[in-house]
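Asks: starting from these lines, generate the structure:
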Amino acid sequence: MLAADVTGAGPRLVLLHGFTQTGRSWGRLGARLAGHHEIVTVDLPGHGRSSSVAADLWATARLVAEAGGRADYLGYSMGGRVALHLALARPDLVERLVLVGATAGIDSAADRAERRAADEALAAGIERDGVDAFIERWLAGPLFATLPRDAAALESRRENTAAGLASSLRAAGTGTQEPLWGRLGAITAPVLLVVGERDARFTLLAERMQRAWGGPAEIASIPGAGHAAHLEQPDAFAEAVERFLHGHHHASPAASSSP
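Replies: Below is the predicted model of the structure:
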């Protein structure tokens, strides 16, 4: 079972955080969205109060299904990959889907193996140096070059444990993810792909995902933002999400086989 919190009232919206974050990391954005939604924030496996839970992406999707039920799902980065697995495993639960800085996987088996090796090195580094040192290195990387320190939700990131973060990398890192590109068309719920205007890599991935979906996916580019668009430009991000959700009042996800 995953730790989760519920606030607000209205249509249910489940928020799935990125790697090194927790359900508390949504901060001001979560509070704003709670003005029109019942917000469920989940601590994903290896994170926050769920630090002792170890699960791969498909197992994580099942745990999230138990915590969130039928709802709209919004996932950032790692949380976006979890939401994508959930939409494939339990389409009956996903009314609308918002993916932020997410990917459908690494195509090449060799590249996936290389990524797993890199994630293993990161996991070993967390276990050796501790959470605080790792967070500093993680946020100093090019992926977060545009993320102001005061917007990085450092307090909630530091609630994580070295064992939990290492477990998350080993069980649910991008290198462990089977490529899902050929299965995207099975998801018929309305989809919004959100990227930061300055996040060139994930903009290309979003465009590829939109093509793979073959129609129902929309793309929203957040001006002035990088990979963590929801933290860098929370007001513009919230406006894009609300506009999408209000524009798609109903969805009828089609059946799809579980893994």
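Asks: from now on I want contacts and neighbour counts done on CA atoms only, so please keep to that.
Replies: Noted.
Asks: quote the end-to-end distance of stretch 51-62.
Replies: End-to-end distance of stretch 51-62 (CA to CA, to the nearest Å): 17 Å.
Asks: show me the contact partners of that stretch.
Replies: 1-2, 44-46, 81-83, 85-86, 89, 160-161, 163-165, 167-168, 171-172, 177, 259 (CA atoms under 8 Å, 6 or more residues apart in numbering).
Asks: same thing but at 6 Å, please
Replies: Contact with stretch 51-62 is made by 45-46, 82, 85-86, 164, 171-172, as judged by CA atoms under 6 Å, 6 or more residues apart in numbering.
Asks: buried residues in that stretch?
Replies: Neighbour-count burial for stretch 51-62, with 16 or more other CA atoms under 10 Å as criterion, is recorded at 51-62.
Asks: distance to residue 95, pLDDT and secondary structure for those residues - can I get that in JSON lines?
Replies: What follows is the buried residues of stretch 51-62, written out as JSON lines (distance: CA to CA, whole Å; pLDDT from 0 to 100; DSSP: H, G, I helix; E, B strand; the rest coil):
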{"residue": "51", "distance to residue 95": "28", "pLDDT": "97", "secondary structure": "coil"}
{"residue": "52", "distance to residue 95": "30", "pLDDT": "97", "secondary structure": "coil"}
{"residue": "53", "distance to residue 95": "27", "pLDDT": "97", "secondary structure": "coil"}
{"residue": "54", "distance to residue 95": "27", "pLDDT": "96", "secondary structure": "coil"}
{"residue": "55", "distance to residue 95": "24", "pLDDT": "98", "secondary structure": "coil"}
{"residue": "56", "distance to residue 95": "23", "pLDDT": "97", "secondary structure": "coil"}
{"residue": "57", "distance to residue 95": "20", "pLDDT": "98", "secondary structure": "helix"}
{"residue": "58", "distance to residue 95": "19", "pLDDT": "98", "secondary structure": "helix"}
{"residue": "59", "distance to residue 95": "20", "pLDDT": "98", "secondary structure": "helix"}
{"residue": "60", "distance to residue 95": "19", "pLDDT": "98", "secondary structure": "helix"}
{"residue": "61", "distance to residue 95": "15", "pLDDT": "98", "secondary structure": "helix"}
{"residue": "62", "distance to residue 95": "16", "pLDDT": "98", "secondary structure": "helix"}
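Asks: of those, closest to residue 32?
Replies: residue 61 (25.5 Å; CA to CA).
Asks: what count of nearby residues applies to the residue lying closest to the closest one once chain neighbours are set aside?
Replies: Nearest residue to residue 61, sequence neighbours excluded (CA to CA, 6 or more residues apart in numbering): residue 86, at 4.7 Å. Counted with other CA atoms under 10 Å, the neighbours of residue 86 add up to 26.
Asks: now the helices for this structure?
Replies: 27-33, 57-68, 78-89, 109-129, 131-139, 154-157, 162-172, 200-213, 229-232, 234-247 (DSSP state H).
Asks: most tightly packed of these?
Replies: helix 78-89 (a mean of 27; mean count of other CA atoms under 10 Å).
Asks: which outside residues touch it?
Replies: Applying CA under 6 Å, 6+ apart, the contact partners of helix 78-89 are 16-19, 57, 61, 75, 94, 99, 102, 258.
Asks: pull the distance from that helix to the chain's centre.
Replies: In terms of CA atoms, centre = their mean, to the nearest Å, the centre of helix 78-89 is found 8 Å from the chain centre.
Asks: what's the answer for stretch 124-144, then?
Replies: With CA atoms, centre = their mean, you get 19 Å for stretch 124-144.
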